[in-house]
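Q: Predicted model, plus sequence, below.
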Amino acid sequence: MNEFFLNVSRYPRYLITFTLGVFYSIYEWLKPLGKRPVTLAALVGIAISGFFFVTFTLRAMLGLA
C-alpha cells in the first residue's frame, strides 16, 4: 500500500514538469517572433483575443451572468 501512495504522489510532479515543458517550448518557438514590433503586437493581440474567447465561451457554457 505504501508503494501505491508513493506512485500516486509522483503524478503532481509529472504534471508540473510537463506543463512547464510545454510553456517553455512555446516560449522558445515564439521568442524570435518578438524581435519585430509589428509581429510582437500581433502576437499580443492574438493572445488577448484568445483569452477573451475562452472566457466568454466558458461563461456562456456555464450560464454565468
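A: Received the coordinates, thanks.
Q: how many other residues sit next to Ile26?
A: As a burial measure, Ile26 scores 10 neighbours (other C-beta atoms under 10 Å). Every residue, glycine included, has its C-beta placed from N, CA and C.
Q: Sorry, slip of the keys, the one I care about is Pro12.
A: For Pro12, using other C-beta under 10 Å, the count is 9.
Q: before we move on, what about Leu30?
A: 13.
Q: Surely it touches Leu43?
A: Yes - the pair Leu30 and Leu43 qualifies as a contact (C-beta atoms under 8 Å) at a distance of 6.4 Å.
Q: Assign the spatially most central residue of the chain to helix, strand or coil.
A: The centre of the chain sits closest to Phe23, judged by C-alpha atoms, centre = their mean, with a distance of 6.2 Å. Put simply, Phe23 is helix when judged by DSSP: H, G, I helix; E, B strand; the rest coil.
Q: Could you measure from it over to Trp29?
A: Distance, Phe23 to Trp29, by C-beta to C-beta, to the nearest Å: 11 Å.
Q: Same question for Asn2.
A: 42 Å.
Q: Those two: which is more packed in?
A: The neighbour comparison of Asn2 against Trp29 (other C-beta under 10 Å) goes to Trp29, with 9 against 6.
Q: The more buried one is in what secondary structure piece?
A: Under the criterion of DSSP states H and E, Trp29 resides in helix 10-30.
Q: Can I get that helix in PDB, CA atoms only?
A: Below are the C-alpha coordinates for helix 10-30, written out as PDB (Å, rounded to 0.1, in the frame of the first residue of the first chain):
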ATOM      1  CA  ARG A  10       4.600  11.300  -8.400                       C
ATOM      2  CA  TYR A  11       1.800  12.400 -10.600                       C
ATOM      3  CA  PRO A  12       1.600  16.100  -9.500                       C
ATOM      4  CA  ARG A  13       5.300  16.500 -10.100                       C
ATOM      5  CA  TYR A  14       4.900  15.000 -13.500                       C
ATOM      6  CA  LEU A  15       2.000  17.300 -14.300                       C
ATOM      7  CA  ILE A  16       4.000  20.400 -13.200                       C
ATOM      8  CA  THR A  17       7.100  19.300 -15.200                       C
ATOM      9  CA  PHE A  18       5.000  18.500 -18.300                       C
ATOM     10  CA  THR A  19       3.200  21.800 -18.200                       C
ATOM     11  CA  LEU A  20       6.400  23.900 -17.700                       C
ATOM     12  CA  GLY A  21       8.000  22.000 -20.600                       C
ATOM     13  CA  VAL A  22       5.100  22.800 -22.900                       C
ATOM     14  CA  PHE A  23       5.100  26.500 -21.900                       C
ATOM     15  CA  TYR A  24       8.900  26.700 -22.300                       C
ATOM     16  CA  SER A  25       8.800  25.100 -25.800                       C
ATOM     17  CA  ILE A  26       6.100  27.500 -26.900                       C
ATOM     18  CA  TYR A  27       8.100  30.400 -25.500                       C
ATOM     19  CA  GLU A  28      11.300  29.300 -27.300                       C
ATOM     20  CA  TRP A  29       9.300  29.000 -30.500                       C
ATOM     21  CA  LEU A  30       7.700  32.500 -30.200                       C
END
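Q: Since that was my last question, I'll sign off now.
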